[in-house]
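Peer 1: Here is a sequence with its predicted model. Questions after.
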Amino acid sequence: MHSVSVNLEPPQFLAGWRPETGALFLPALSESRVGDEVAVRVGIYGQAIRATLFGKVALVRRVGRPALPPGVELSLDRGSLPAAGFLALAARGEPFNFRERSPRFAAERPLKVNHAEAVSDATTVNLSEGGCALRWPGQLPLVGDVVGIRLGDGLFAPTARAVVCWNQPGGPVERSVGLRVIAEGRAGKAWRALVSDVARSGARAA
């Protein structure tokens, strides 16, 4: 998965955002290929808001001109559409809030995570259907890295893919990361079941 961080002028973001199709043009990643998965951290100049968007490259423009710069068009995944909408509101100078996110629960649950071909034990700080924050053992992964989360025991237990949205070094021992879970297939069902179990346990809303 490609990852990049970009800051855009408000008109630049609005010109590239097409909410009716969920497509976003970015003047970056022109070395990518159609079909590549991308995680991009987008900021708007003059605004504090930043958001991590995920999607697949639908079009690549390797050579451009002043009116049509090189870059890629992303087909955003469904979970990224609200964040893109918030960025558009910020770019237009309109008020916005983040209350549309799925319920998040403060709970410590042990998970096995796979990153860079190493399996480690981690513990959740909070979690929701969309992802989780984890206390991370060892060296922190980078924003945009893909992490595997093993859900259950046994040889055929599903593994959910997740993308790192943020990382926090903290102190010498406490390190944490935020993961966006790609909840598809059996792994998606297993992740949602885990969150439902935490919710039924009476965990405090975070």
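Peer 2: Great, that's in hand.

Peer 1: Can you give me the domain assignment for this structure?
Peer 2: 2-91, 104-205 (automatic domain parsing).

Peer 1: What average pLDDT does the longest one get?
Peer 2: Spelled out, that is domain 104-205. Mean pLDDT, computed over domain 104-205, is 88.

Peer 1: so how far is it from its chain's centroid?
Peer 2: 12 Å (C-alpha atoms, centre = their mean, to the nearest Å).

Peer 1: and residue 108, what does it touch?
Peer 2: 123-125 (C-beta atoms under 8 Å, 6 or more residues apart in numbering). Every residue, glycine included, has its C-beta placed from N, CA and C.

Peer 1: Using just helix, strand and coil, how would you label it?
Peer 2: coil (DSSP: H, G, I helix; E, B strand; the rest coil).

Peer 1: can you tell me how far it sits from residue 200?
Peer 2: Separation of residue 108 from residue 200 (C-beta to C-beta, to the nearest Å): 16 Å.

Peer 1: cool, and residue 35?
Peer 2: Applying C-beta to C-beta, the value for residue 35 to residue 200 is 39 Å.

Peer 1: Check which residues of the helix ranked longest in the chain are buried.
Peer 2: The helix that spans the most residues within the chain, counting by DSSP state H, is helix 185-200. By neighbour count with 16 or more other C-beta atoms under 10 Å, helix 185-200 contains the buried residues 187-188, 190-191, 194-195, 198-199.
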